[in-house]
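[1] Give me the fold of what follows.
(one chain, ligands or ions: 1)
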Amino acid sequence: MNGKVCVVVLGFLAVAAGAQVPAQQRPWMNASLSPDARADLVLNQMTRDEAFILIDGYFGMPYQAANRPLLTAEIKAQMPMSAGLIPGIPRLGIPALTESDASLGVANGGNMRPGDTATALPSSLLTAATFNPEQAFAGGSMIAREARAKGYNVLLAGGTNLAREPRGGRTFEYAGEDPLLAGIMVGESIRGIQSQAVLSTAKHFALNDQETARTVMSANISDADARESDLLAFEIALERGDPGAIMCSYNRVNNNYACEDHYLLTEILKGDWGYRGFVMSDWGAVHSTVAAALNGLDQESSNGSDRLDYFGPPLKEAVAKGQVPETRLRNMVHRILRSMFAKGLFDRPVVKGPIDVDADLAVAQTAAEEGIVLLKNDKAVLPLSMAKRQKIAVIGAHADLGVPSGGGSSQVLGIGHSKELEVPTGGGTRVIAGETWTLPRDTVVLHASAPLTEIRRMAPQAKVTYAAGDDIAAAVALAKKSDLAIVFVHQHMREGVDVIDLSLPGNQDELIAAVAAANPHTIVVLETGGPVTMPWLDKVDGVVEAWYSGNRGGAAIARILFGEVNPSGRLPVTFPITESQLPHPIITGQRPDGRIIGTNGSPTVYDVIYNEGSKVGYRWFEDQKLPPLFPFGYGLSYTSFAYEGLKVTGGNTLAFGFDVRNTGTRAGKTVAQIYVKPPYGETRLVGFSKVDLAPGEVKHVTLTADPRLLAMFDGDANIWRVTDGEYQVRLGGSATDKAATASAHVNAGTIRP
Ligand code: BGC
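    Next up, the predicted model:
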């Protein structure tokens, strides 16, 4: 064929069932052809019924909802016992799409594959806190290697939603509040996954920034504001990672369901961004047949989760009646096949086998060590001495058993999992505005890396004693007779439920205050999904934000506490002093017990007006002149750094050059951050670089701003506009640090989206 292929676009084969096409007669298996050409070659051999197989997916377990297609023995045999299945078409050699959730590892929520454990990465928010794209790539490729070994070729990963609402129940599964950081980190994780010939999604498109109301709420925001915030994160993630699929979300956006929103799916995603993969629905997020098909949805993921099997018989009928053109049906299937070819699903089929546990746990530990953030270190209380004969009190948060993880579809049963690691959490009451509310109960899954064990291992000379922390008097008694106290505290987050506020649940604030009053050397280790408030901050010497630290979390925490690792994580979210500083001091319309009030009392119509617009996180705090408790980008080290010699070149964008110096006596890494304030509009992070420096060492860093980060989006003209004028630049170690400042002129310009 000389590398050239003429693809004649035909209709579907006009037979009820085609004959088996022998392997040697499948021209689409020629890997030198383009994915588009290969997709068309196979598409032209498909019957219409076969086309429907690829667009109408199943829940991944033998679950038969009423009025849904029969689970034939053939389909059951392919059930991956995970999130989803698109059956294969053996006649044409099309593999099944076997889908697993995978934000933090190969998920096994509810133990649906009894005893099947996998390496649990730390939370995605922790990975974002590394500010190191290489960590995101390494984590993604580790998950994909394990996925292949377990028989999965599609990973429902790539959570890109911004932490616009820090109480959002999936804040731990996302990559923080900034579009550049989230876009880069998620894009790299997707790239890592797909480097192993496993197809990844990016999800949940779009503005699925809070959970309790996700299926009934409408996220209302102007086009320009969305483009400069949440959508920009997706745009960057797509450019970096080129995911094979995009998962549209449960919520409505400006009153249209995301999975049938023409503007989002067809105009922006497939139009402006030129996306060539396919759009799959979230599980239960489809609400129509014709509108969804015409407006851009390509695949119904789980027909058992939706109210109807929309892309089954109803779509067949709509195509037969001409309500959905056959060309659109072909386009849906083409997009799916194209991604399968482009991501290697035909050429490198998955093969089940063992996983390399030690190598994979090392990936999880390295990420944790780089994403844990040191927030406070008064009197240089840290690092602790390994050699001292001291009495250490370890208190709270099941530190004797393991480290917590977040709940929901991303739940991994980590290596070493046992029933003992599933412990109750939540419950109790909270008084808000004079009313007493009952809080939800849940189970938290711990990962088998107990901080207590690791601290003992690290400090063999010390006497390390544990108190559970629920009995404050017992914890205080232990703290009193100890040389220092390390208090572990936990905020639980899970998919589907937002946390009602940013306080540590239960008696934990009280516990810290009481222990700190009993022992002047108190260190707090936060194990939280996102930011929390710290009314006790002045009373303690040290605070370490360990997030959900994954399968080797205890070891990573201990190595940081004892200085085996110099902390280098930076906050990917702003920590407010109180919720009253947030754009929405309480989650709009939602009752403190997590139930929905809804707009005008309706439980199904619920408008969230994101009137902060694109001013998410630090942008909001700066705009409102609010001092945060800890700013975005913040984090301490056991050494110190200087940022020097900032030079900024203007023109059509901004370019930066500067030196970073380690001014202390230990080797360490810092994250140099450049923020720019345009003449109009709010300050944005436009570049960052993680720099590893020996004591006294200096490194030169250069960065260039993506001009979209300098621009405002003009929704009427559908274009980015850069204003002519002087741009204020600051370089430093956080969103509020002004270690070096400069300004430069940028010319007016436009950028097509
Ligand atoms: C979640 C998705 C997940 C899907 C399949 C949904 O409830 O929102 O993130 O991929 O379930 O488990």
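[2] For the residue nearest to residue 556 when sequence neighbours are not counted, grab phi and psi.
    Among residues not flanking residue 556 along the chain, residue 368 sits closest, at 3.5 Å (CB to CB, 6 or more residues apart in numbering). Any C-beta I mention is one placed from the backbone N, CA and C, and that applies to glycine too. Reported as degrees, to the nearest 10, the phi and psi values for residue 368 are phi -60, psi -40.
[3] go on, the one 5 residues further on?
    Listed backbone geometry of residue 373 is phi -110, psi 130, with angles given as degrees, to the nearest 10.
[4] just residue 219 next, same as before
    Torsion angles, degrees, to the nearest 10, at residue 219: phi -90, psi 110.
[5] Contact partners for the spatially most central residue of the chain?
    Note on the chain: the residue nearest the mean C-alpha position is residue 174, at 2.4 Å, using CA atoms, centre = their mean. Counting by CB atoms under 8 Å, 6 or more residues apart in numbering, residue 174 touches 124, 125, 128, 159, 160, 161, 162, 163, 168, 182.
[6] now with 10 Å?
    Neighbouring residues of residue 174 by CB atoms under 10 Å, 6 or more residues apart in numbering: 103, 123-125, 128, 159-164, 168, 182, 185-186, 203-204, 208-209, 233, 530, 572-573.
[7] before we move on, the earlier item: how many neighbours does the residue nearest to residue 556 have?
    35 (other CB atoms under 10 Å).
[8] now swap in residue 654 and tell me
    By other CB under 10 Å, 25 other residues sit near residue 654.
[9] Distance of the nearest residue to it once chain neighbours are set aside relative to residue 237?
    Closest residue to residue 654 apart from its sequence neighbours, by CB to CB, 6+ apart: residue 705 at 4.5 Å. Residue 705 is 18 Å from residue 237, where distance means CB to CB, to the nearest Å.
[10] Which of these two has more residues huddled nearby?
    The neighbour count for residue 705 versus residue 237, taken as other CB under 10 Å, is higher for residue 237 (28 against 23).
[11] Wait, a strand at residue 661?
    Yes - under DSSP: H, G, I helix; E, B strand; the rest coil, residue 661 sits within a strand.
[12] Tell me which residues touch the residue nearest to residue 360 when sequence neighbours are not counted, please.
    Leaving aside its sequence neighbours, residue 360 sits nearest to residue 119 (CB to CB, 6+ apart; 3.9 Å). Each residue near residue 119 by CB under 10 Å, 6+ apart is listed here: 104-106, 139, 142-143, 145-146, 355-365, 412, 414-415, 447, 550-552.
[13] Run through the neighbouring helices and strands of the helix or strand of the chain with the lowest mean pLDDT.
    Ranking every helix and strand in the chain by mean pLDDT, DSSP states H and E puts strand 435-438 at the bottom, with a mean of 72. For strand 435-438, the packing partners by 3 or more CB pairs under 10 Å, 6 or more residues apart in numbering; DSSP states H and E come out as strand 429-432.
[14] Pull the distance from the strand it packs on to the chain's centre.
    Mean-position distance between strand 429-432 and its chain equals 30 Å (CA atoms, centre = their mean, to the nearest Å).
[15] Which residues in it does the neighbour count mark as buried?
    Within strand 429-432, the residues that qualify as buried are residue 430, counting by 16 or more other CB atoms under 10 Å.
[16] Can you flag the buried ones in the contacts of residue 119?
    104-106, 139, 142-143, 145-146, 355, 360-361, 363-365, 412, 414-415, 447, 550-552.
[17] Now, the residues you listed that are in helices?
    139, 142, 143, 145, 146, 360, 361, 363, 364, 365 (DSSP state H).
[18] my read: the third one touches residue 100, true?
    Yes - using CB atoms under 10 Å, residue 143 and residue 100 qualify as a contacting pair, with a distance of 9.1 Å.
[19] list the residues that contact both of those two?
    106, 107, 118, 152, 155, 157, 198.
[20] wait, what's in contact with the closest residue to the third one other than its chain neighbours?
    The shortest distance from residue 118 to any non-neighbouring residue, by CB to CB, 6+ apart, is to residue 106 (4.0 Å). Neighbouring residues of residue 106 by CB under 10 Å, 6+ apart: 82, 100, 113, 116-120, 142-152, 155, 355, 412-413.
[21] For the ligand, see how far away residue 615 is.
    Distance, residue 615 to the ligand, by CB to the nearest ligand atom, to the nearest Å: 26 Å.
[22] Please read the previous query as pertaining to residue 518.
    43 Å.
[23] And residue 386, by the same measure?
    For residue 386 relative to the ligand (CB to the nearest ligand atom), the value is 42 Å.
[24] Over to residue 676?
    To the ligand, residue 676 is 33 Å away according to CB to the nearest ligand atom.
[25] what bridges to that residue?
    residue 684, residue 729 (DSSP bridges).
[26] Confirm for me that it is in contact with residue 687.
    Yes - under the criterion of CB under 10 Å, residue 676 makes contact with residue 687 at 8.8 Å.
[27] so when I look at residue 478, I'm seeing a helix, right?
    Yes - if the criterion is three-state DSSP, then residue 478 is within a helix.
[28] Switch the shared contacts of residue 143 and residue 100 over to a markdown table; also include pLDDT, secondary structure and distance to residue 27.
    Output for those, formatted as a markdown table (pLDDT from 0 to 100; DSSP: H, G, I helix; E, B strand; the rest coil; distance: CB to CB, whole Å):
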| residue | pLDDT | secondary structure | distance to residue 27 |
| --- | --- | --- | --- |
| 106 | 98 | coil | 34 |
| 107 | 98 | coil | 37 |
| 118 | 98 | strand | 37 |
| 152 | 98 | coil | 28 |
| 155 | 98 | strand | 29 |
| 157 | 98 | coil | 32 |
| 198 | 98 | coil | 25 |
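[29] Please list only the buried members of those.
    Looks like those have 106, 107, 118, 152, 155, 157, 198 buried, using 16+ other CB under 10 Å.
[30] Quick check: the first one vs the ligand, distance?
    The one in question is residue 106. Distance, residue 106 to the ligand, by CB to the nearest ligand atom: 12 Å.
[31] Please apply the same query to the last one.
    From residue 198 across to the ligand, the span is 15 Å (CB to the nearest ligand atom).
[32] wouldn't that residue be in contact with residue 340 here?
    No - at 11.2 Å, residue 198 does not count as touching residue 340 under the criterion of CB under 10 Å.
[33] Touching both of the two, which residues are there?
    Common neighbours of residue 198 and residue 340, counting by CB under 10 Å, 6+ apart, are 153, 154, 244.
[34] Could I get the residues you listed in JSON lines, plus columns for secondary structure and pLDDT?
    Output for the shared contacts of residue 198 and residue 340, formatted as JSON lines (DSSP: H, G, I helix; E, B strand; the rest coil; pLDDT from 0 to 100):
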{"residue": "153", "secondary structure": "coil", "pLDDT": "98"}
{"residue": "154", "secondary structure": "strand", "pLDDT": "98"}
{"residue": "244", "secondary structure": "coil", "pLDDT": "99"}
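[35] Contact distance from the ligand - what residues of the stretch 351-500 of the chain qualify?
    residue 409 (CB under 6 Å from any ligand atom).
[36] about what we covered before: closest one of the shared contacts of residue 143 and residue 100 to the ligand?
    residue 107 (7.6 Å; CB to the nearest ligand atom).
[37] Need the nearest residue in space to that closest one, chain neighbours excluded.
    Of all residues not flanking residue 107 in the chain, residue 101 sits nearest, at 3.7 Å (CB to CB, 6+ apart).
[38] No more questions from me, cheers.
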